[in-house]
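> Predicted coordinates and the sequence they were generated for:
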Amino acid sequence: MGSIRLFEIGHVFPGGSASEVETVGLIAGGSSETPWNRRQDFDLFDLKGVVESLGARFNVRLVARPAELPGLVNGTGSELVCEESGEVAGFMGQLVDESSPFPLYIAEVRSTVLGVSEVLTVRPPSRFPSVEADLTLTHDVEIPWQEIEAEIARTRPADLMSFGLKDRYLGDGVPAGAVNTTLYFLYNASDRSLTQEEVNQQNETIRQQLEDRFGWKR
């Protein structure tokens, strides 16, 4: 079925106004499924959570106030109001679009309400090749992915560019009450080509760290 998760920062002319306003636009829809979680359909409450998290990042509480808005399905539209000032910060709701194979949910938030003042720096990609590595951890099936993810992020090596869940296995060879979780890691250095030995050492440090905290002990 597929899914979409996109955002864009740009300028709009609200309500046909001649004044240009910078906004953050979001659109999402469809479903997602990972080896950790069953299939879930994206809905309006998911979008509301994204909007609230965006506001929280800049210490702004955005409250959804029901409103009938053009282009949105009746009963789904809301104005986004800054709780502290009462200023209308944007809107959210389900888009009227009969051509999409799944419902689309959109939001728009004015960056001025967020008080965006940070200077963003862009890190250019390394010109050196990346090295991939996997790791399989046997742990209690009740341990959530968020705890494992947080432990890796807490002491991640400088050369670890990204990591994530690759597979979960329950079956022959796995103790009752346990699960084998396979993770992937992508290493890359900005100043040199990493050797396989360097990657192996960093991956072993992570493996030991995860084994000590989450490894199957029953």
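Here it is on my side, so go on.

> which SSE is Glu8 in?
strand 3-12 (DSSP states H and E).

> For the worst-scoring helix or strand of the chain on mean pLDDT, enumerate its sheet partners and note whether each is parallel or antiparallel.
Lowest by mean pLDDT, DSSP states H and E among the helices and strands of the chain is strand 40-41, with a mean of 82. Next to strand 40-41 in the sheet, as set by DSSP bridges, lie strand 21-32 (antiparallel).

> buried residues in the partner strand?
Using 16 or more other C-beta atoms under 10 Å as the test for burial, strand 21-32 gives Thr23, Val24, Leu26, Ile27, Ala28, Gly29, Gly30, Ser32. C-beta: built from backbone N, CA, C; applies to glycine.

> any low-confidence regions in this structure?
The model of the chain has pLDDT under 70 over residues 1, 14-18, 33-38, 116-122.

> just to revisit the earlier point, got the angle between the strand holding Glu8 and strand 21-32?
Calculated by axes from the mean of the first three to the mean of the last three C-alpha atoms, to 10 degrees, strand 3-12 forms an angle of 170 degrees with strand 21-32.

> would you list every one of the helices in this structure?
44-57, 111-114, 145-154, 196-214 (DSSP state H).

> would you list these in CSV and tack on distance to Ser100 and mean neighbour count?
Listed next are these as CSV, based on distance: least, C-beta to C-beta, whole Å; neighbours: other C-beta atoms under 10 Å:
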stretch, distance to Ser100, mean neighbour count
helix 44-57, 15, 16
helix 111-114, 27, 18
helix 145-154, 29, 13
helix 196-214, 40, 14
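
> could the ones you listed be laid out in JSON lines, adding distance to Ala178?
Listed next are the helices of the chain as JSON lines, based on distance: least, C-beta to C-beta, whole Å:
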{"stretch": "helix 44-57", "distance to Ala178": "31"}
{"stretch": "helix 111-114", "distance to Ala178": "44"}
{"stretch": "helix 145-154", "distance to Ala178": "14"}
{"stretch": "helix 196-214", "distance to Ala178": "11"}
